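> here is my input, please return the structure:
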Amino acid sequence: MPEQAQRRAPIAPPGEPPSEATGDSARDYQELRQLILAPEQNSLAEIQERLDNPSHRAEDVGSVVAEAIHLRRRKGGDAALAEALAPTIQETLRESVRKDPHVLADALFPVMGPAIRKSITETLRSMLESFNEALEHSLSWRGIQWRIESLRTGRPFAEIVVMHSLLYRVEQVFLIHRETGLVLAHVVAPAVATQDPTLVAGMLSAIQQFVHDSFESPRDDSLGSLTVGELEVFVEQGPHAVLAAVIRGHAPASYRLALKETLENVEGDFSAALEGFQGDAGPFRAAAERLHPLLETQYREKQGAAQKPRLAIAAGIILVVLGLSWAGYAAIQARRWSNFSRDLSSHPGIVVTRVEKSGGRWHIHGFRDPLADDPATVLSQNHLAGRNPAFDLTPFYSLDDAIVLRRASSLLAPPRAVRLSLQDASLSAVGAAPSSWIIKFEVRAPLIPGVSTLDTSRLRNENAAALESIILTFPLGRADLDPGQEAPLHRAVENIHALINLGGAISQPVAISLVGHTDSTGVEGNNMLLSSQRAGRVAALLLRAGIPDSAIEPRGVGPTQPLRPEDNEEGRHLNRSVTFLVHFAPPSPVH
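Next up is the predicted model:
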């Protein structure tokens, strides 16, 4: 009999070698060596362990790090210490803000709130002053002349008003270190375009040095003022600092007195910092508060205020307010409908070409695929429900992937076990489906607009899956089927007929391998012959049932491809069998 069981005897474990003993003299020597060297070795071991243990080293460093920093500062190493700590502190702040920005926001809240409010207040004050001047002159004869000048010169009307009505305005104030020419503090009036303060301070210092060198003036003498176009620069010089104010217009002599008093106060309050200045402007941040009062603005006095057309001004104000209100409302509505049109265009299958208001109603023009989302739904999502716009959307076939996939799902109606996907005009089907649906997919899918290729590499035929799940078993050492195998054999015949019909419909002939198996007992040569006989037996039964000889291919593999582990009789019985493998040949080329 070719199929027989085989056994092997176990291998005994190896033995262990005998242990070795030491002599009395060696023990005496070790005790003497221990008495002499043990204390020193223990101390060295403790020191080595402390050096090698990261936790001990961290504890030692942590106990003296604060004292080391104070000692470094007392010895004048602030710059090196700051340079060493700066990257770590910056990275720590960046990481803290990334993880929880509220911590830094809460810490800065007491400082940022007043600073923001002050900045906003100054900006609004300057804007209102300019607006008041422009509004006051807008309806007068002088205002008309200024408008003509604005049109003629191309300059904004507000700038023309400020130019004619402004007496002077201090736009910038610089506090500069006298010896180095570096900027200590710098303040700017609202809505004033500025250059790099360091560059401006350097130019002023260079001009001062040029005057001294060119005219051999004493060191204490300084340049009091200079004029550049419409700007005038007042310069006041102290023992350690220079105060420079950039003025548009002509400031009175009293303003120079204010500069002198401010400079004297700064020299007195920051004398130590000025004398020991090494390039760090940090200690002078508080000096900026002393400079803000110097940003003065003075307009020309109004004349004949009682004779101004107050009624016309009031009417103009009302018209301006109404016009601005209506323009603001119209701008808000236009922005909302513009946002809605962009949102609508972002939906697949919808293209918006124009949005306009006509006859008191908004009109949306464009194109819409019948399978695209309903525009009314998008309207409600943008909180515009009830506005009742007119959608003039012409039907068209969209080639957006999402719409093409919807169209394919609607036309092909895939089974629940099949999932369709589309990428780069390639329609993929994944899952198991009946032969009839696979034929419909192969024939109809290429006709769908937007589909150029098909991917069926992961599409399985239900009949193929059912056929490959059938196992026909045999008795031990024989090529005749086990009793009761008629039903699975009948199912195999039905599935093979369905697969042959599918192959003819899609021009891909089907080839079915009949694979004969044996268990691992017995002689290998006899097992290979027995597996081939089993495959030939099933092939003969299929031919008798009407399966064409060209569709099947019997072959034996012996015990080389077991179906189950042979650790029990059930596994060995399943390995004495014939199984099926389905192959679809590539379509024949068209000549």
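> buried stuff in stretch 457-468?
When burial is assessed from 16 or more other C-beta atoms under 10 Å, stretch 457-468 yields the following buried residues: 459-464, 466-468. Any C-beta I mention is one placed from the backbone N, CA and C, and that applies to glycine too.
> return the distance of it from the chain's centre.
The chain centroid and the centroid of stretch 457-468 are separated by 43 Å, computed with C-alpha atoms, centre = their mean, to the nearest Å.
> so which bits of the helix or strand containing Glu95 are buried?
Element membership for Glu95 (DSSP states H and E) is helix 78-99. Buried positions in helix 78-99, judged by neighbour count with 16+ other C-beta under 10 Å: none.
> which elements pack onto it?
Counting contacts by 3 or more C-beta pairs under 8 Å, 6 or more residues apart in numbering; DSSP states H and E, helix 78-99 is packed against helix 54-74, helix 101-138.
> and the ones you listed, which one's lowest on average pLDDT?
With a mean of 57, helix 101-138 has the lowest mean pLDDT of those.
> what pLDDT does the model give the nearest residue in space to Ala492 that is not next to it in sequence?
Closest residue to Ala492 apart from its sequence neighbours, by C-beta to C-beta, 6 or more residues apart in numbering: Ile470 at 5.1 Å. You'll see Ile470 listed with a pLDDT of 91.
> am I right that Ile470 is in a helix?
No. Counting by DSSP: H, G, I helix; E, B strand; the rest coil, Ile470 falls outside a helix, being coil.
> Thr579 is in contact with that one, correct?
Yes. Taking C-beta atoms under 8 Å as the definition, Ile470 is a contact partner of Thr579 at 7.5 Å.
> show me which of these two is the more surrounded one.
Comparing Ile470 with Thr579 by neighbour count (other C-beta atoms under 10 Å), the higher total belongs to Thr579, at 21 against 17.
> quick one: low-confidence parts of the stretch 151-300 of the chain?
When residues are selected by pLDDT under 70, those of the stretch 151-300 of the chain lie in 155, 157-166, 191, 193, 195, 211-222, 229, 300.
> quick one, strands of it?
Secondary structure of the stretch 151-300 of the chain (DSSP state E, counting those that start in this stretch): strands at 166-177, 183-188, 225-228, 231-237, 241-249, 297-299.
> could you export those as JSON lines, including distance to Thr153 and mean neighbour count?
What follows is the strands of the stretch 151-300 of the chain, written out as JSON lines (distance: least, C-beta to C-beta, whole Å; neighbours: other C-beta atoms under 10 Å):
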{"stretch": "strand 166-177", "distance to Thr153": "17", "mean neighbour count": "21"}
{"stretch": "strand 183-188", "distance to Thr153": "26", "mean neighbour count": "20"}
{"stretch": "strand 225-228", "distance to Thr153": "21", "mean neighbour count": "12"}
{"stretch": "strand 231-237", "distance to Thr153": "19", "mean neighbour count": "18"}
{"stretch": "strand 241-249", "distance to Thr153": "17", "mean neighbour count": "22"}
{"stretch": "strand 297-299", "distance to Thr153": "21", "mean neighbour count": "17"}
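> dump those strands to CSV, plus distance to Val97.
Output for the strands of the stretch 151-300 of the chain, formatted as CSV (distance: least, C-beta to C-beta, whole Å):
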stretch, distance to Val97
strand 166-177, 31
strand 183-188, 27
strand 225-228, 42
strand 231-237, 40
strand 241-249, 36
strand 297-299, 38
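> tell me which residues are up against stretch 463-470.
432, 434-435, 488, 491-492, 495-496, 498-499, 502, 512, 579-582 (C-beta atoms under 8 Å, 6 or more residues apart in numbering).
> how far away is the residue sitting nearest the centre point of the chain from Glu91?
For the chain, the residue sitting closest to the mean C-alpha position, by C-alpha atoms, centre = their mean, is Arg98 at 13.9 Å. Arg98 is 10 Å from Glu91, where distance means C-beta to C-beta, to the nearest Å.
> do Val170 as well
41 Å.
> with Glu289 instead?
For Glu289, the distance to Glu91 - C-beta to C-beta - is 32 Å.
> and what of Ala272?
From Ala272 to Glu91 the distance is 33 Å (C-beta to C-beta).
> go on, Ala498?
According to C-beta to C-beta, Ala498 and Glu91 sit 68 Å apart.
> also Gln381?
When Gln381 is compared with Glu91 (using C-beta to C-beta), they lie 43 Å apart.
> now do Gly360
Counting by C-beta to C-beta - Gly360 and Glu91 are separated by 60 Å.
> try Trp337
According to C-beta to C-beta, Trp337 and Glu91 sit 47 Å apart.
> same question for Tyr329.
With distances taken as C-beta to C-beta, Tyr329 is found 49 Å from Glu91.
> can you check Pro488 too?
Taking C-beta to C-beta, one finds Pro488 at 71 Å from Glu91.
> who does Arg419 form a beta bridge with?
In this entry, Arg419 is beta-bridged to Val430, by DSSP bridges.
> was I right to think it contacts Val430?
Yes. Assessed by C-beta under 8 Å, Arg419 is found in contact with Val430 at 5.0 Å.
> Glu267: neighbouring residues, count only.
15.
> sort out which residues of stretch 261-278 are buried, please.
For stretch 261-278, a neighbour-count test (16+ other C-beta under 10 Å) marks 262-263, 266, 270, 273-274, 277 as buried.
> with just CA atoms, put that stretch into CSV.
This file holds the C-alpha atoms of stretch 261-278, laid out as CSV (Å, rounded to 0.1, in the frame of the first residue of the first chain):
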residue,chain,number,x,y,z
GLU,A,261,13.1,118.5,29.2
THR,A,262,12.5,115.0,28.1
LEU,A,263,16.1,114.4,27.3
GLU,A,264,17.2,115.8,30.7
ASN,A,265,14.7,113.4,32.4
VAL,A,266,16.0,110.4,30.5
GLU,A,267,19.6,111.3,31.2
GLY,A,268,18.7,111.5,34.9
ASP,A,269,16.6,108.4,35.2
PHE,A,270,18.8,106.2,33.1
SER,A,271,22.3,107.6,33.9
ALA,A,272,23.7,104.3,35.1
ALA,A,273,22.4,102.4,32.1
LEU,A,274,23.8,105.0,29.7
GLU,A,275,27.2,105.1,31.2
GLY,A,276,27.5,101.3,31.2
PHE,A,277,25.8,100.8,27.8
GLN,A,278,27.3,97.7,26.0
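> hmm, who's touching that stretch?
Taking C-beta under 8 Å, 6+ apart as the rule, stretch 261-278 contacts 79, 175, 177, 179-180, 184, 236, 238-241, 243, 283-284, 287, 290-291, 293-294.
> can we see that at 6 Å?
177, 236, 238, 240, 243, 283, 287, 290 (C-beta atoms under 6 Å, 6 or more residues apart in numbering).
> please parse this protein into its domains.
Annotated domains of the chain cover 155-299, 318-394, 399-457, 463-591 [automatic domain parsing].
> of all these, which lies closest to Leu71?
Closest to Leu71 of the domains of the chain is domain 155-299 (C-beta to C-beta; 20.2 Å).
> now do the helices in the stretch 151-300 of the chain.
157-165, 197-215, 253-269, 271-275, 287-291 (DSSP state H, counting those that start in this stretch).
> output these in CSV; the columns should cover distance to Leu574.
Formatted as CSV, the helices of the stretch 151-300 of the chain follow (distance: least, C-beta to C-beta, whole Å):
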stretch, distance to Leu574
helix 157-165, 95
helix 197-215, 88
helix 253-269, 99
helix 271-275, 94
helix 287-291, 90
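> for Val352, find the nearest of those helices.
helix 157-165 (37.7 Å).
> give me the element Ile364 is part of.
Counting by DSSP H and E, Ile364 is found in strand 361-368.
> same question for Arg444.
helix 435-444.
> check which residues of that helix are buried.
Of the residues in helix 435-444, those buried by neighbour count under the rule 16+ other C-beta under 10 Å are 435, 437-442.
> make CSV out of these and add pLDDT.
Output for those, formatted as CSV (pLDDT from 0 to 100):
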residue, pLDDT
Ser435, 72
Trp437, 84
Ile438, 82
Ile439, 80
Lys440, 83
Phe441, 85
Glu442, 82
